[in-house]
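Q: Fold the stuff below for me.
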Amino acid sequence: MSSNSVSFIGLILSALLFALTACDPEVHLHGRVTSSDGPIRPAEIRVECPELCAFAAVNDDSGSYSGFKLGGCPLSCGLRVRSSGYDDFVAPVARFCAAQSRGMCWDIAASVVLQRSSPRER
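A: Predicted structure coming up:
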């Protein structure tokens with residue numbers, strides 16, 4: 001096999017790989033995490049089904065977050081938002097799904113208000 005043939009095959013395989021990955025949609029997980037005192041940072045946002053489907057973290061002082069993942073998340077998944085000192089927020093993804101098709105959510109827009117954890121009795 002000549003080097004031109006090998007180069008051509010490599011080019012075809014690269015183009016095919018690019019075309020396949022370019023067609024796969026991403027799920028977008030975005031929103032804001034606050035409390036009665038204002039924005040919360042740091043906070044972790046997880047979509048669990050029960051395994052992890054998508055993840056994001058608050059990345060600015062306004063409590064905003066944004067994350068992307070290849071593929072969608074089933075509407076049956078749960079959304080969990082947590083931060084130290086606050087009760088976990090848990091709700092169905094379907095409640096926050098802004099774009100869906102065939103039982104999958106492609107845009108999860110969740111602005112959540114966390115409640116402070118009550119002091120535990122010892």
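Q: And Met1, what's its pLDDT?
A: For Met1, the pLDDT comes out at 60.
Q: Which residue ranges of the chain form strands?
A: Listed in chain order, the strands found in the chain under DSSP state E are 26-35, 38-39, 44-48, 52-57, 64-70, 73-74, 78-82, 89-92, 97-101, 104-113.
Q: Flag the shaky bits of this structure, pLDDT-wise.
A: The chain contains residues with pLDDT under 70 at 1-24, 121-122.
Q: what does stretch 47-56 contact?
A: 27, 29-30, 44-46, 65-67, 69, 73-74, 76-80, 93, 108 (Cβ atoms under 8 Å, 6 or more residues apart in numbering). All C-beta atoms are positioned from the backbone trio N, CA, C, and that covers glycine.
Q: of all the strands of the chain, which lies closest to Arg120?
A: Arg120 lies closest, by Cβ to Cβ, to one member of the strands of the chain: strand 78-82, at 16.3 Å.
Q: ok so, going back, who wins for proximity to Pro119 among the strands of the chain?
A: Nearest of the strands of the chain to Pro119, taken as Cβ to Cβ: strand 26-35 at 16.0 Å.
Q: ok so, going back, now the strands of the chain as TSV including distance to Arg120?
A: Shown next, in TSV, are the strands of the chain (distance: least, Cβ to Cβ, whole Å):
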stretch	distance to Arg120
strand 26-35	19
strand 38-39	24
strand 44-48	21
strand 52-57	26
strand 64-70	28
strand 73-74	33
strand 78-82	16
strand 89-92	19
strand 97-101	34
strand 104-113	22
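Q: No further queries at this time; thank you.
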